[in-house]
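take a look and give me a structure for this.
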Amino acid sequence: MARRNEPMENLLGPLEQEVMDVVWQLGDATVRDVHGELAARRTIAYTTVMTTMSRLAVKGLLSRDTAGLAHRYRPAVTRDLYARSAVEDVMSWLLERYPEPAAAYLADVVDEVDDLTLDELKAAVSRRRLEER
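The predicted model follows:
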């Protein structure tokens, strides 16, 4: 994903997130498929889903196949890649602009992570220190 000056621009809104969750789950979907899934949970207009999916395609998160009568959409990025990119963008932005409070927050939450995650964090710090030498 392209980096922008403001990482919040890269974050999905609530409806975009719901749509992406459905497409990630289905793997390949039409607007009708996604609308059906969302409409089973709440009231939502077909055109709202259509517009949202079109915007997600423009943002590069969905790929659109226009060969058939109904456009088919597929995820252009995995859920994991999107999540990592969003976290990286936000954390980088926070650490650049508010280094002390951001680092203090990270130190506080490290106490709450499991041992495996803590080991991964320690390994990442070690790699970073080696790269700086």
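
I'd say V23 and V77 touch.
No: using CB atoms under 8 Å, V23 makes no contact with V77, being 10.8 Å away. (Each C-beta comes from the backbone N, C-alpha and C, glycine too.)

more neighbours: which of those two?
V23 (23 against 17; other CB atoms under 10 Å).

give me the domain ranges for this structure.
The chain resolves into domains spanning 12-75, 79-132 when parsed by automatic domain parsing.

please identify the most buried of the ones you listed.
domain 12-75 (a mean of 15; mean count of other CB atoms under 10 Å).

just to revisit the earlier point, let me have the domains of the chain in CSV, extended by mean pLDDT.
Formatted as CSV, these follow (pLDDT from 0 to 100):
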stretch, mean pLDDT
domain 12-75, 95
domain 79-132, 87
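
other residues contacting stretch 22-38?
The contact list for stretch 22-38 (CB atoms under 8 Å, 6 or more residues apart in numbering) reads 18-19, 44, 46, 49-50, 53, 62, 70-75, 78-79.

can we see that at 6 Å?
V19, I44, Y46, V49, M50, M53, A70, R72, Y73, R74, P75, R79 (CB atoms under 6 Å, 6 or more residues apart in numbering).

with only the CA atoms kept, save it in PDB.
In PDB, the C-alpha atoms belonging to stretch 22-38 read as follows (Å, rounded to 0.1, in the frame of the first residue of the first chain):
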ATOM      1  CA  VAL A  22     -17.100 -10.400   3.500                       C
ATOM      2  CA  VAL A  23     -14.900 -10.400   0.300                       C
ATOM      3  CA  TRP A  24     -12.000 -11.900   2.300                       C
ATOM      4  CA  GLN A  25     -14.300 -14.600   3.600                       C
ATOM      5  CA  LEU A  26     -15.800 -15.400   0.200                       C
ATOM      6  CA  GLY A  27     -12.600 -14.900  -1.900                       C
ATOM      7  CA  ASP A  28     -14.600 -14.000  -5.000                       C
ATOM      8  CA  ALA A  29     -17.900 -12.100  -4.900                       C
ATOM      9  CA  THR A  30     -20.400 -10.000  -6.800                       C
ATOM     10  CA  VAL A  31     -22.100  -6.900  -5.300                       C
ATOM     11  CA  ARG A  32     -25.200  -9.100  -4.900                       C
ATOM     12  CA  ASP A  33     -23.200 -11.700  -2.900                       C
ATOM     13  CA  VAL A  34     -21.800  -9.100  -0.500                       C
ATOM     14  CA  HIS A  35     -25.100  -7.300  -0.200                       C
ATOM     15  CA  GLY A  36     -26.800 -10.600   0.700                       C
ATOM     16  CA  GLU A  37     -24.300 -11.200   3.500                       C
ATOM     17  CA  LEU A  38     -24.500  -7.700   4.900                       C
END
